[in-house]
Structures are given as C-alpha cells and as structure tokens.
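**Student:** turn this into a structure:
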Amino acid sequence: MTEEEKAAQEARTRSKLMEGLARAERALFTRPAPKSARSRMKFLRTREKGSTKSLAKRLGVSRKTVQRYLSGASTKPNKRLQEVLTKETESEWQPQVRAQARQRATTSGGLVIKFRATLGFTANGSSDDARVRDLSIAVSPSHAALILATQEDGATDTDLHKAVAEAIAEAYFRQAGGGCASLEVEFRDVQRLDFEF
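**Tutor:** Predicted structure coming up:
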C-alpha cells in the first residue's frame, strides 16, 4: 500500500469515526433539532449573539444570504449550505444533554463501539489472526475519555484512529491481563462504525 492510499484510508476511517460519534450524540437529543433553513438560521443567530455578520462568516455565505433566510425570502438552501446548516445546528443543539452523556461516559459508563472492520494480531494461524470481525464492544471510561478528548482537540487521523484501536484492543484482546499485552493490534478497513453512550 502506497503512502497516498494509506492516507486516503486513514481519512475515510477518521470520517467514519467522527460521523459515528455525531450519530451517537444525535441519538441523545430529547427534542428534535430545528428542521427548516429559517429555523436553523434563527437558532444559529442566537448562538452568535444576534450577529448576522458572524453567522454569515460561520456558514461561509454572504450576510445578505443570511438575511434572506431569516426573513423567509429564501427557503431552499443549496446542498452545501444545507449540509453546513445541519452540521452547525446539531453541533450546538442541546449542549447540556451532550455534556451529561460525555461526563457519564468518561466517569462511569464508558462507550459501546459497534463495528465491522479488520481486527486482530498478525499471529499466523491463531484464532486472533487479523480478519473481518463484526463486533459490539464496551470500552472502559478511561478509554472513552481518551477518545472524546481526542475528538474535541481536533486530533489528526492517526491519533483518533489509534485511540479507538487501543480501546478496542484493550477490551477485546487484553481483557483480564491476558498474555497479549505487548502485541500490536490491527484495526483497519473499517466498513461500519457506531458508538453508543
């Protein structure tokens, strides 16, 4: 595998990790987030302390565009604006619910990671050989804290991937201090990845 292919694979994995964490947070919402472009604009404007200028900068559009949506003159955003509105609204929606779930995950509950990916050691004929596995694994609060902190800090592809891979390896292969503690675990070719708080 060339360096370019490896970088592309890491970027896809990071995207799946970030999307999985975002889906897990959306599942926590106790009320639905605003749906229409106008209601999303109004909500985000409150987050920007009423400033249409800073909201326009945040969304990557002109101030006039923001004002058209707020007044109801425009109702159907283009695909890029729709994606940005959705992402920004969901990232700001119900912050206390999200914070409580993260606190619980990092102190007592941990996370559940459900995935289909290549996982294992390179052990030549062992049952732990790297192969595609479809698993659901509960990881400890300390690993949950590392994963969430890495995500919040805007970690590189490699850092976030390593944090998740280490959490899975610890919970699946190294449980109860087994003899696998020093072996390097492969976690690659991620096909599906979901988290639960």
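
**Student:** show me this protein divided up by domain.
**Tutor:** 3-28+98-196, 37-93 (automatic domain parsing).

**Student:** what is the end-to-end distance of the last one?
**Tutor:** Length of domain 37-93, first residue to last, CA to CA, to the nearest Å: 15 Å.

**Student:** in the chain, what helix or strand scores lowest on average pLDDT?
**Tutor:** helix 3-26 (a mean of 79; mean pLDDT, DSSP states H and E).

**Student:** quick one: contacts of the helix or strand hosting Ile113?
**Tutor:** Assigned by DSSP states H and E, Ile113 belongs to strand 111-120. Contact partners of strand 111-120, identified using CB atoms under 8 Å, 6 or more residues apart in numbering, comprise 24, 105, 128-139, 143-144, 147, 164, 167-168, 172, 185-197. Quick note: C-beta positions are derived from backbone N, CA and C, even for glycine.

**Student:** if we can go back for a sec, next, the angle from the least confident helix or strand of the chain to strand 111-120.
**Tutor:** Orientation note: helix 3-26 sits at an angle of 160 degrees relative to strand 111-120 (axes from the mean of the first three to the mean of the last three CA atoms, to 10 degrees).

**Student:** show me what secondary structure element comes after helix 3-26.
**Tutor:** With DSSP H and E setting the assignment, the helix or strand that follows helix 3-26 is helix 37-47.

**Student:** what's the first helix or strand after that next one?
**Tutor:** helix 52-59.

**Student:** if we can go back for a sec, using PDB, write down the CA coordinates of the least confident helix or strand of the chain.
**Tutor:** Below are the C-alpha coordinates for helix 3-26, written out as PDB (Å, rounded to 0.1, in the frame of the first residue of the first chain):
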ATOM      1  CA  GLU A   3       1.600   6.400   1.300                       C
ATOM      2  CA  GLU A   4      -1.200   8.100  -0.700                       C
ATOM      3  CA  GLU A   5      -3.500   5.000  -0.300                       C
ATOM      4  CA  LYS A   6      -2.700   4.800   3.400                       C
ATOM      5  CA  ALA A   7      -3.500   8.500   3.900                       C
ATOM      6  CA  ALA A   8      -6.800   8.100   2.000                       C
ATOM      7  CA  GLN A   9      -7.700   5.100   4.100                       C
ATOM      8  CA  GLU A  10      -6.900   7.000   7.300                       C
ATOM      9  CA  ALA A  11      -9.100   9.900   6.200                       C
ATOM     10  CA  ARG A  12     -12.000   7.600   5.400                       C
ATOM     11  CA  THR A  13     -11.600   6.000   8.900                       C
ATOM     12  CA  ARG A  14     -11.500   9.400  10.600                       C
ATOM     13  CA  SER A  15     -14.600  10.400   8.700                       C
ATOM     14  CA  LYS A  16     -16.400   7.200   9.900                       C
ATOM     15  CA  LEU A  17     -15.200   7.900  13.500                       C
ATOM     16  CA  MET A  18     -16.400  11.500  13.500                       C
ATOM     17  CA  GLU A  19     -19.700  10.500  11.900                       C
ATOM     18  CA  GLY A  20     -20.200   7.700  14.400                       C
ATOM     19  CA  LEU A  21     -19.700  10.000  17.300                       C
ATOM     20  CA  ALA A  22     -22.000  12.600  15.800                       C
ATOM     21  CA  ARG A  23     -24.700  10.000  15.300                       C
ATOM     22  CA  ALA A  24     -24.300   8.800  18.900                       C
ATOM     23  CA  GLU A  25     -24.800  12.400  20.200                       C
ATOM     24  CA  ARG A  26     -27.900  12.900  17.900                       C
END
